[in-house]
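Asks: Quick one, what's the 3D model for this:
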Amino acid sequence: MAFTINPAVSRVGYRRWIIHVGLFALGVGLGALLTYCIARGLYAALATISPAAWLAVALPLVALAALRDLGVRTPVPYPARRQVPEWLRRMLPPGLTAIAYGGQLGTGFLTRFTYSTHIAFVALLASQSSTTVVGASVLAFALSKSIVVVSSLAGDSYPEFERRLLYRHRARGQATLRAANAALALAVAFVLIANL
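Replies: Numbering: from 1, shown residues only. Here you go, the predicted structure:
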């Protein structure tokens, strides 16, 4: 859905499109901060029991998501085959649409494009209390999610973007991408274990 922010699709000029990309990144950052606050609250509540209590919650979730990336049917905390609602684009002006899409993608749990690296990222970030670490992580996350929007500049329509994206996944190997995500998520889980 981020592709619908493209100037050709949203029918805005390039200057306004740059503003929309910034609003999208802002939305991603706000969504990620909301997810961090919820996860941090859960982490703090569990830390009163024991620092290892967070591991008892986070590690099984990371493992389930990593298994899903590897092709095993596992329950994960994501909606099944749901993406950001298309009606938002018809109901809101492009600037608000950019923030709304960004916010939903920033939470990471409201979209069908899910990888274990996101839940590992949330699990590790929740264990951090430094505003500098959290701020830098959320900024990097928001900028990396915004690359998708910037890469959409070359197309003329949403179906064209979706066709290109699906072609890239098939041509470059979705299995490789999912295996890499699972490996990275497990590496982050080991960092979490080492830091607690």
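Asks: Going by length in residues, pull out the top helix of the chain.
Replies: Taking DSSP state H as the criterion, the chain has its longest helix at helix 14-47.
Asks: Just after it, pick out the following helix or strand.
Replies: Going down the chain from helix 14-47, the next helix or strand is helix 51-69, by DSSP states H and E.
Asks: For that following helix, name the packing helices and strands.
Replies: With contacts taken as 3 or more Cβ pairs under 8 Å, 6 or more residues apart in numbering; DSSP states H and E, helix 51-69 sits against helix 14-47, helix 116-126, helix 174-195. No exception for glycine: its C-beta is placed from N, CA and C like everyone else's.
Asks: Dump the shortest one to PDB, keeping only the CA atoms.
Replies: Right, the one you point to is helix 116-126. The C-alpha atoms that make up helix 116-126 are tabulated as PDB, following Å, rounded to 0.1, in the frame of the first residue of the first chain:
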ATOM      1  CA  SER A 116      10.600 -12.700  12.100                       C
ATOM      2  CA  THR A 117      13.100  -9.900  12.100                       C
ATOM      3  CA  HIS A 118      10.400  -7.500  13.100                       C
ATOM      4  CA  ILE A 119       9.300  -9.400  16.200                       C
ATOM      5  CA  ALA A 120      13.000  -9.900  17.100                       C
ATOM      6  CA  PHE A 121      13.600  -6.200  16.700                       C
ATOM      7  CA  VAL A 122      10.600  -5.400  19.000                       C
ATOM      8  CA  ALA A 123      11.700  -7.900  21.600                       C
ATOM      9  CA  LEU A 124      15.300  -6.500  21.700                       C
ATOM     10  CA  LEU A 125      14.200  -2.900  21.600                       C
ATOM     11  CA  ALA A 126      11.800  -3.400  24.500                       C
END
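Asks: Tell me the gap between it and the middle of its chain.
Replies: Distance of helix 116-126 from its chain centroid, counting by Cα atoms, centre = their mean, to the nearest Å, is 10 Å.
Asks: Distance across stretch 119-139, terminal residue to terminal residue?
Replies: End-to-end distance of stretch 119-139: 17 Å, with Cα to Cα, to the nearest Å as the criterion.
Asks: And the contacts of it?
Replies: Identification of contacts with stretch 119-139 by Cβ atoms under 8 Å, 6 or more residues apart in numbering yields 29, 32-33, 35-36, 39-40, 42-43, 54, 58-59, 61-62, 65, 76-77, 108, 141, 184-186, 188-189, 191-192, 195-196.
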